[in-house]
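A.B. asks: I need the structure of the sequence given here:
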Amino acid sequence: MFAGSLIDGTGKAPVNDAAIVIERGRIVQLGSRREVDYDARDVEVVDASGSLVMPGLVDSHNHLFYLDHSHFKEPSVAIAVARGIRNAGLWLDLGITTTRDMSTRENLDIGLRDAINAGLVRGPRLFVSGMGLITTCGKDEAQREIAIEITGEVEARRVTRQQLYARVDFIKLFTTAGLANNGIVLMTFDEIKAAVEEAHKAGKKVAAHAMATEGIKNAVRAGVDTIEHGTFLDEEAVEMMKSRSVALVTTLSRKMAIAELGEGVGRTPTMVENARRSLEPAVRSIQLARQAGVRIAAGTDGEAQDTLAREVAALVRAGLSNMEALVAATRSGAEILGMSSEFGTLEVGKRADILVLGDNPLNDITALERVRYVLKDGEIVRRPQQTK
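C.D. replies: I've put the predicted structure just below:
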């Protein structure tokens, strides 16, 4: 593959007039075109010499089954599965080659992951939580649709073990309520700690949905690996995250869409008002995390109008540089999965997950919305003629 310019996802300056050689789905050579050795008679040449090439995107917080406002309410399993399959293909065409699915009814995402891995369904490489854990009678009805209710440390351990047995890739905890209920604290420290201990014993990570400040601190103290949303961070919470290497997974574009578009995106007046009230603190939280050096990864939170490209643009609006925002959507996503040796950057030995854009996102961050080619494991899964 030839590239007019190449961003490798590490944060380094772009390489101009670049070339990538791929064998069996992995990168075997990469660099300036004059340095790469290849025989054009033996390879398929993808000429993107007029384009920008970068790593495939990693959406670190998604709900693939719920992208169209049926939000956790679909009564039919068959239709829910059909939506998940359709949405997986949609996300792949947007350049997302890997995503974390962050809680789904009846563990449906486990089956979707396996179907994609078996080549039965088009979609990103999936890492899934199955159903998350939530406290009994939690305040957020939407969360309860996609989570298993627990009360106390014993049940937290039991359900975590149950989900690990079901072959999830990580554990999702709803430690606070969602935007509809101002993110109030739900889980106790002991409940979180019990789930974390069981997951970590099995070598699995724990992601904590946490919006309220005290809920964030409880989750960090208990040993979670990522804070999802992190709407109301303060200096102490950020310092705790930094010292424990806990990452922040942002979903800022969702709040922006709800706050700016209002009830037009299918949300209640209460949620719209809460989004508007929380938008400034959410931006401030991201700024605090950036200043402290907390790892930031980008997510979408399952809204059809809030693509990862828009989340990256929202991070730039919040104060990240274009390059920092791109790293949040590539390298950082792989790092929080513990898969940075496999993907997230374009380097020799890694999987050839590649995104080809018509324009340079370092000059115009909205270039991420204009995808030409997508390669996953070296296979072209989207070509320019598929652009709508």
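A.B. asks: so what touches stretch 333-342?
C.D. replies: Applying CB atoms under 8 Å, 6 or more residues apart in numbering, the contact partners of stretch 333-342 are 57-60, 98, 100, 127, 205, 225-226, 247, 249, 295, 297-298, 331, 343-345, 349-351. Where C-beta positions appear, they are placed from N, C-alpha and C, glycine not excepted.
A.B. asks: go again using 6 Å as the cut-off
C.D. replies: Here stretch 333-342 makes contact (CB atoms under 6 Å, 6 or more residues apart in numbering) with 58, 60, 127, 226, 247, 297, 343, 344, 351.
A.B. asks: in that stretch, which residues are buried?
C.D. replies: Neighbour-count burial for stretch 333-342 flags 333, 334, 335, 336, 337, 339, 340 (criterion: 16 or more other CB atoms under 10 Å).
A.B. asks: give me the nearest residue to the first one, chain neighbours excluded.
C.D. replies: Put plainly, it is residue 333. Distances taken as CB to CB, 6 or more residues apart in numbering place residue 58 nearest to residue 333, at 2.7 Å, with adjacent residues excluded.
A.B. asks: roughly how far apart are that neighbour and residue 319?
C.D. replies: To residue 319, residue 58 is 21 Å away according to CB to CB, to the nearest Å.
A.B. asks: any buried residues in the host helix or strand of residue 314, and which?
C.D. replies: If you go by DSSP states H and E, residue 314 is part of helix 308-317. By 16+ other CB under 10 Å, the buried positions in helix 308-317 come out as 308, 309, 310, 311, 312, 313, 314, 315, 316.
A.B. asks: can I get those residues in JSON lines with distance to residue 280 and pLDDT?
C.D. replies: Listed next are those as JSON lines, based on distance: CB to CB, whole Å; pLDDT from 0 to 100:
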{"residue": "308", "distance to residue 280": "23", "pLDDT": "96"}
{"residue": "309", "distance to residue 280": "23", "pLDDT": "97"}
{"residue": "310", "distance to residue 280": "19", "pLDDT": "95"}
{"residue": "311", "distance to residue 280": "18", "pLDDT": "97"}
{"residue": "312", "distance to residue 280": "20", "pLDDT": "98"}
{"residue": "313", "distance to residue 280": "18", "pLDDT": "97"}
{"residue": "314", "distance to residue 280": "13", "pLDDT": "97"}
{"residue": "315", "distance to residue 280": "15", "pLDDT": "98"}
{"residue": "316", "distance to residue 280": "17", "pLDDT": "98"}
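A.B. asks: which of those residues sits closest to residue 237?
C.D. replies: residue 315 (19.0 Å; CB to CB).
A.B. asks: isn't that closest one right up against residue 325?
C.D. replies: Yes - the criterion here is CB atoms under 6 Å, and residue 315 meets it with residue 325 at 4.2 Å.
A.B. asks: so where do the helices sit in the stretch 201-350 of the chain?
C.D. replies: Using DSSP state H, counting those that start in this stretch, the helices of the stretch 201-350 of the chain run over residues 213-222, 235-243, 252-261, 269-292, 308-317, 322-328, 331-336.
A.B. asks: wait, which of those is closest to residue 3?
C.D. replies: Residue 3 sits nearest to helix 322-328 of all the helices of the stretch 201-350 of the chain, at 15.2 Å, using CB to CB.
A.B. asks: model confidence over the closest one, on average?
C.D. replies: The average pLDDT within helix 322-328 is 98.
A.B. asks: now residue 19: which helix or strand?
C.D. replies: Here residue 19 sits within strand 15-23, counting by DSSP H and E.
A.B. asks: before we move on, what about residue 75?
C.D. replies: Using DSSP H and E, residue 75 sits in no helix or strand.
A.B. asks: now for the closest residue to residue 363 other than its chain neighbours: which residues touch it?
C.D. replies: Spatial nearest neighbour of residue 363, excluding adjacent residues (CB to CB, 6+ apart): residue 322 at 7.9 Å. By CB under 6 Å, 6+ apart, the residues touching residue 322 are 316, 362, 365.
A.B. asks: quick one: the second one from residue 145, how far?
C.D. replies: By that I understand residue 362. Applying CB to CB, the value for residue 362 to residue 145 is 40 Å.
A.B. asks: neighbours of residue 15, just the number please.
C.D. replies: Residue 15 has 19 neighbours, counted by other CB atoms under 10 Å.
A.B. asks: quick one: the nearest residue to it once chain neighbours are set aside from residue 363, how far?
C.D. replies: Spatial nearest neighbour of residue 15, excluding adjacent residues (CB to CB, 6+ apart): residue 6 at 4.5 Å. Distance from residue 6 to residue 363, counting by CB to CB: 15 Å.
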